[in-house]
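# After the sequence you'll find the predicted model.
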Amino acid sequence: MDKILEALVGSTHSVPVKKAIVKKVVEAAEKEVTVEQCQALYSLTTRLILLGEDAFQRQVGFQVLEAYARYHRAEFERFFSREFVLGLLQQGYGTLDRKDPAIVDYIHSCLRLLISCPSVLEIFSVLQVEVLRVVCERPEPVLCARLAGMLSDFVQCIPRDKAAVLFCQQLVRTIAYFHCAASQERELREYVTQVTKVSTLLQNIWKAEPTTLLPSLQEVFAIISSTDPSFDPSIALASLVQHIPLQMITLVIKSLTTDQNVKDASMTQALCRMIDWLSWPLAHYVDTWVIALLKGLAAVQKFTILIDVTLLKIELVFSRLWYPIVRQGALTVLSHMLLSFQHSPEAFHLVVPHTVSLIQMLKSDGLPSSKAFLHQFTELIHCMMYQYSGFPELYENILEAIKDMPKPSEEKIKLVLNQSAWTSQSNSLASGLPRLMGKSETGKTGLINLGNTCYMNSILQTLFMATDFRRHVLSLHLSGTHTLMKKLQLLFAILAHTQRAAYAPRSFFDASRPPWFTAGSQQDCSEYLRYLLDRLHEEEKTIQALMLTGPKHADAGNGGTPSDFTDEPQHQVDEPSEAGEERKTLIEKMFGGRLSTGIRCLRCHSVSEKEEPFTDLSLAFQPAAQTRGGVDGGRASTSAHQGAVNGGSEASDIPGRERQAGGDSSVPPADSQHAVPPLSVPDMVNYFLAPEILDEENKYYCERCSSLQRAEKTLRVLEAPEYLVLTLLRFAYDASCHVRRKILDNVAIPLLVQLPVHSHSGRGPSPPQVPSPDGGENLAKKLKPSGEDGEEREAEERTQVEPVPYALCAVVMHSGMSSESGHYYSYGRNVSSNDGLCPQKDEPQDPANPTDSNPVLPSGSTCSPLALQETPQAALPPRDWFLFNDSRVTFTSFQSVQSITSRFPKDTAYILIYRKQSSRHSQGPGATNGVRLSSEPPLQKDLMEAVTKDNKLFLQEQELSARTRALQAASASCSFRPNGSDDNEPPGSCGPSGGGGGGGGFNTVSRLVF
């Protein structure tokens, strides 16, 4: 059989023929074969695997070897013997060198075939010795990564006890020799992957045998503190930092800074190399370890080292601010180095020449994180210019570049400088420990990004900031623990009452993720919002149906009871006016509206009308040719009115607004009355509600005429939702390129709008249903004004239209250039139904400045912005808006919401949520569909217990961290000395290729934010 196989793979037959014969050979493995034939086949397949000329031969070798080893296990045990493995690892195979990664791959595969055989234990004992020898020979990254893969799968091959300590030390030193000369991205990615595999192996060993951790750290410090000019350790050592417990900072820093055997030159070299680790793209906590060591050195007054390192590395750290992937960690280290270096302006003046160009880059790169980062950076610059005043020629350009940025108060600057000085750290080593941050000054809680989950985080924060919806959710009595509404209720309770700065919504993500959404991939937040509302609606409908069938059936569904989705004890309930209102779900009550679609035949004038529910309106961008003449016709007379709504922040920027709207930027801005304002949200709503002529290929089949006829289609809002959700359809399909492109047009967002709602006539109400996620695709229409049958249409449309006022409460922003990439974040504020921000609806309108200037729609039936009697900023409380960007929550203003696209063109409004405002004819303060909630409801017992449990866990985590550090510091008896181990063996040596001894064990830290 082996002769046939050997002749086959070397023949000139076609691959299909070879595969067919190989299949027969594999099938023959089930039959009885002599020992000699087995041994011959094993030898042949091994030669094919290790010395095969092409991938086909190697594949055939693996396939046949696996088949015969499975059916003839005893013969394979005799073949893959202890001596055979030793020969492979010490002498190689034929022309194949013993350091070739293919040998490790072959042994790895054979171990899988022998895992259930007794003889594998003997192989394990051989490998425990051999892998240590291989590591001591400083293998290349690719071989070391293959070795790490085999040891991760077969931990029995890892050396034990004292040998395990030596193995970890040698593996650390091997990583120090991992140098990458590659310049191609693919090769660099492979290098990083190989390093990650090796560092992960070390992490697993440290977890399994904690006694190996401290000697490993000693070896790390011995390597990076080496002053040998001929040896430059690899930056790949940074990959180990993230695997070192932060609780060890106290022990490590105290040992390093107080050990008299560690010379200043060695400490300086180690600190410089740790700062170099800020460039490693996948290392976490490097900045934490660097700052901890800087503070530790200040505590023991080793100022010479601090001065030398600061002046030597400050420009390198500053240069890392240009790269978003390592920017945040670099800024943390830079801030500490500059703020603590208070005896001389020398360090600050080294980076001054590069400051203006960095500020300009941050202002123009369009990244959502750049704004917050720029605020931090400019605050640092203000502190340094305050500390070292008297250099106007150096600071003049910087002041001009940051003149529009907020300036910290003098008191804050003094406080920061006093806390950062080296002298303030001299008596407090604990100041170098990482602190768990509490909530930001906003009092709001962020949501941790679980891996491309910004779409979920932005929607959840938006729903949480929908004040009345949040209050109703928290008021529900939900006894089932597995319902989605219960999980949302618990999430809202934690966001409102947790002590954490940011919460990881893992449970809610797992429960609410649409089945077609791939975990870890970027998704559409609008699609997620529709799916979430639909799930909540259908879940409540199911429970309502189960309640009607009786308690027995209700208990069986979703783990709930008939008391699910009831809230009588929490607030006053008015008697519902109709039976249909009582059966509405919470989603219908808060987000549900009704839309009427009417189609009029232009020949016989018959009208077909259909009502349908909606939870959001998808607003299309009107074609450029119709911007001035169609829906936007006559808008020049209302520009001042709209400027008042926008707080006047954009009224003076007429040329910029023309460019955003696609206008001619060459028009002189002197006469602003003739400038075309940018597209606004009311414009898009009016375009959505505007008549559409069905003609040519879109003709309407009229039943009365029994033929296709020209017709006019109209949309009317019959029932206004409590929360009006508007989705701007920014992603359009480009047929020429077959891609979805993003529409980057700036859209003016008024704080207050009024929506035309037509009175219902002739039909009784039917319970609304939440539409399917793709139910709004037919809402983008092409406007074609109709000039026929005007009088008949006017007569029919003389129905009562009530303008319903709405106030903006949330905006979800999309940052990016396409639907397949980017980032979501959101703005929000607390708005109830009775905030009193709207003027009275029957207030007389100035005829000289009408809000309805659309010639297509009847008077009074258009959506329009509302002007405040005072400027919006005078009417709104200060710091009323919040910016939610995953874990980060900050105060912001409505001007930032309005001007974000003009400052960052890639950041555009995607979803807007408006809250309906009550009028003098409403049910009363805080009334919503017969339910009054004027304040935050108290937490129910189970929610309070869950929040209390999480807060206790958070405090326990802090206390445990503090206790662990204190115990380690008190009981530490080791010294970070070169060649100093407890068993008097040189921890850095392993035969003739040994590596220079152990030393102080320390690593650094840097959180790298994408």
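Looks like it came in fine. Residues are numbered from 1 along each chain as shown.
# What ranges does the stretch 101-250 of the chain have for its strands?
With DSSP state E, counting those that start in this stretch as the criterion, the stretch 101-250 of the chain has no strands.
# Quick check: which ranges of the stretch 551-700 of the chain have low pLDDT?
For the stretch 551-700 of the chain, residues meeting the criterion pLDDT under 70 lie at 551-582, 624-676.
# can you confirm R594 is in a helix?
No - R594: not assigned to a helix; according to DSSP: H, G, I helix; E, B strand; the rest coil it is strand.
# The spatially closest residue to it that is not a sequence neighbour - how many residues pack around it?
Closest residue to R594 apart from its sequence neighbours, by Cβ to Cβ, 6 or more residues apart in numbering: E719 at 3.9 Å. From N, CA and C alone the C-beta is placed, and that goes for glycine too. Neighbour count for E719, taken as other Cβ atoms under 10 Å: 18.
# Next, work out how far apart A732 and L689 are.
Distance, A732 to L689, by Cβ to Cβ, to the nearest Å: 21 Å.
# for R78, same thing?
According to Cβ to Cβ, R78 and L689 sit 84 Å apart.
# ok, the two, which is more surrounded?
Taking neighbours as other Cβ under 10 Å, R78 and L689 compare with L689 leading, 23 against 14.
# is it true that the more buried one touches V757?
No - counting by Cβ atoms under 8 Å, L689 stays clear of V757, with 10.9 Å between them.
# Mind listing the shared neighbours of those two?
Counting by Cβ atoms under 8 Å, 6 or more residues apart in numbering, the residues touching both L689 and V757 are V717.
# How far does stretch 709-727 stretch from one end to the other?
32 Å (Cα to Cα, to the nearest Å).
# So what are the sheet partners of the longest strand seen in the chain and their directions?
What stands out as the longest strand in the chain, according to DSSP state E, is strand 801-815. Taking DSSP bridges as the criterion, strand 801-815 forms sheet pairs with strand 752-758 (antiparallel), strand 823-828 (antiparallel), strand 907-916 (antiparallel).
# any idea of the mean pLDDT for the longest one?
The reference is to strand 907-916. Throughout strand 907-916, pLDDT has a mean value of 92.
# same thing with stretch 278-297?
Stretch 278-297 carries an average pLDDT of 84.
# got the buried residues for it?
Neighbour counts over stretch 278-297 (16 or more other Cβ atoms under 10 Å) mark 278-280, 283-297 as buried.
# Could you list the domains of this protein?
The chain breaks down into these structural domains: 241-429, 442-545+586-593+722-753+800-831+879-917, 939-968 (assignment by the TED database).
# now those in TSV, with distance to P101?
As requested, the domains of the chain are exported to TSV (distance: least, Cβ to Cβ, whole Å):
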stretch	distance to P101
domain 241-429	22
domain 442-545+586-593+722-753+800-831+879-917	29
domain 939-968	40
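# Least confident of the ones you listed, on average?
Ranked by mean pLDDT, the domains of the chain bottom out at domain 939-968, with a mean of 66.
# For the stretch 351-500 of the chain, just list every one of the strands.
With strands called from DSSP E, counting those that start in this stretch, the stretch 351-500 of the chain shows them at 446-447.
# just the helices in it please.
Here the stretch 351-500 of the chain has its helices, by DSSP state H, counting those that start in this stretch, at 355-364, 368-387, 392-401, 410-420, 454-464, 467-475, 484-497.
# re the thing from before, let's have the strands paired with strand 801-815 in a markdown table, adding distance to Q260.
Listed next are the strands paired with strand 801-815 as a markdown table, based on distance: least, Cβ to Cβ, whole Å:
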| stretch | distance to Q260 |
| --- | --- |
| strand 752-758 | 71 |
| strand 823-828 | 50 |
| strand 907-916 | 55 |
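# Comparing these, which comes out most buried?
Per residue and on average, the most neighbours among those fall to strand 823-828, with a mean of 26 (mean count of other Cβ atoms under 10 Å).
# can you state the direction angle for that one and helix 467-475?
Interaxial angle of strand 823-828 relative to helix 467-475 (axes from the mean of the first three to the mean of the last three Cα atoms, to 10 degrees): 100 degrees.
# now the angle from strand 823-828 to helix 454-464?
Orientation of strand 823-828 against helix 454-464 (the same axes, to 10 degrees) gives an angle of 10 degrees.
# And strand 823-828, how far out from the chain middle?
Centroid separation for strand 823-828 versus its chain: 11 Å, with Cα atoms, centre = their mean, to the nearest Å.
# same deal with stretch 377-386?
From the chain centre to the centre of stretch 377-386 is a distance of 29 Å (Cα atoms, centre = their mean).
# just stretch 272-284 next, same as before
In this view, stretch 272-284 has its centroid 23 Å away from the chain centroid, taken as Cα atoms, centre = their mean.
# And for stretch 822-831?
From the chain centre to the centre of stretch 822-831 is a distance of 14 Å (Cα atoms, centre = their mean).
# can you check stretch 323-330 too?
With Cα atoms, centre = their mean, you get 16 Å for stretch 323-330.
# Could you pull out the buried residues of it?
Across stretch 323-330, burial judged by 16+ other Cβ under 10 Å covers V326, R327, Q328, G329, A330.
# same check, this time on stretch 244-252
For stretch 244-252, the neighbour count (16+ other Cβ under 10 Å) marks I244, L246, Q247, M248, I249, T250, L251, V252 as buried.
# a markdown table please, covering those residues and showing distance to Y395.
Output for these, formatted as a markdown table (distance: Cβ to Cβ, whole Å):
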| residue | distance to Y395 |
| --- | --- |
| I244 | 40 |
| L246 | 38 |
| Q247 | 42 |
| M248 | 42 |
| I249 | 36 |
| T250 | 39 |
| L251 | 43 |
| V252 | 39 |
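# nearest to K584, of these?
Using Cβ to Cβ, L246 comes nearest to K584 of those, at 50.7 Å.
# The closest one contacts T288, doesn't it?
Yes - with contact defined as Cβ under 8 Å, L246 reaches T288; the gap is 6.9 Å.
# where does N746 land in three-state SS?
Secondary structure state of N746, per three-state DSSP, is coil.
# so who does K197 touch?
By Cβ under 8 Å, 6+ apart, the contact list for K197 reads A145, A148, G149, S152.
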